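>>> when you get a sec, could you give me coordinates for this:
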Amino acid sequence: MTSEELRPGQRTPEQPSNEDSASVAAALGRAPRGNWQVVARGPDGQPTVILNEPFMPDGTPMPTRHWLVDAEMNRRIGTLEAGGGVNDAEAELGLDRIAAIHNAAADERNAQIAAEHDGPRPSGGVGGTRVGVKCLHAHYARFLAGHSDDVGEWVHARLYGSDRDDD
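Numbers count the residues shown, from 1 in each chain. From the prediction side, this is the model:
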């Protein structure tokens, strides 16, 4: 995919079709265990990012809200991580800036949980992380879903160049 084919911006979650479910299951190597919606698609119409509910059907907290399900993007980001991308992103962006991203992600997730919920809750920010960057994939998924995420934008610049396409 090229930068022009990816247009990060606010996405409206869509209920998955049978084709979406099959595509995501193929990408994950299994059917998703929880309830989810599609929040970003590639130029071929296939899901690239899914949005998980804060809880699994059995009530287990699900800390990862945005999940990148595009195999090629996952591979490329894995290569970026293997080359020290996590440490580079932390060094360039700073832990205070990253903490703000985690706080915003936690606020977004927590707004989806009923105030009267009594029991375990998901914790942390992006991907359940409390400090720093745990996973570039989760930040990039959040960015593609239309959220402000400087780590995701940093990844986008490394994958496609520094010219971000805003809609």
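>>> before we move on, which element is the residue positioned nearest the centre of the chain in?
When the chain is reduced to its mean C-alpha position, the nearest residue by C-alpha atoms, centre = their mean turns out to be residue 141, at 2.8 Å. For residue 141, the element it lies in under DSSP states H and E is helix 136-144.
>>> just to revisit the earlier point, ok, the residue nearest to the centre of the chain to residue 72 distance?
Computed as C-beta to C-beta, to the nearest Å, the residue 141 to residue 72 distance reads 14 Å. From N, CA and C alone the C-beta is placed, and that goes for glycine too.
>>> next one: residue 112
30 Å.
>>> which helices and strands does the helix ranked longest in the chain pack with?
The single longest helix within the chain, with elements called by DSSP state H, is helix 95-110. The contact analysis (3 or more C-beta pairs under 8 Å, 6 or more residues apart in numbering; DSSP states H and E) places helix 95-110 against helix 150-160.
>>> the protein: strands as residue ranges?
Along the chain, the stretches classed as strands by DSSP state E are 36-41, 47-52, 66-68.
>>> show me where pLDDT drops low in this protein?
1-10, 162-167 (pLDDT under 70).
>>> doesn't residue 155 make contact with the residue nearest to the centre of the chain?
No - applying C-beta atoms under 8 Å, one finds residue 141 not in contact with residue 155, separated by 9.8 Å.
>>> so what sits against both of the two?
Among the neighbours of residue 141, none is also in contact with residue 155 (C-beta atoms under 8 Å, 6 or more residues apart in numbering).
>>> distance between the helix holding residue 141 and the chain's centre?
For helix 136-144, the separation from the chain centroid amounts to 4 Å (computed by C-alpha atoms, centre = their mean, to the nearest Å).
>>> got it, and stretch 40-55?
Using C-alpha atoms, centre = their mean, the offset of stretch 40-55 from its chain centre is 9 Å.
>>> what residues sit buried inside it?
Within stretch 40-55, the residues scored as buried using 16 or more other C-beta atoms under 10 Å are 40-42, 46-55.
>>> list just the nearest of those to residue 98.
residue 49 (19.9 Å; C-beta to C-beta).
>>> so who does the closest one touch?
Shown in contact with residue 49 (C-beta under 8 Å, 6+ apart): 11, 38-40, 66-70, 141, 144-145.
>>> contacts for the longest helix of the chain, please.
54, 65, 89-90, 121-126, 129-133, 139, 142, 147-151.
>>> 10 Å instead, please
Defining contact as C-beta atoms under 10 Å, 6 or more residues apart in numbering, one finds that helix 95-110 is touched by 52-54, 61-66, 89-90, 93-94, 117, 121-134, 138-139, 142-143, 147-152.
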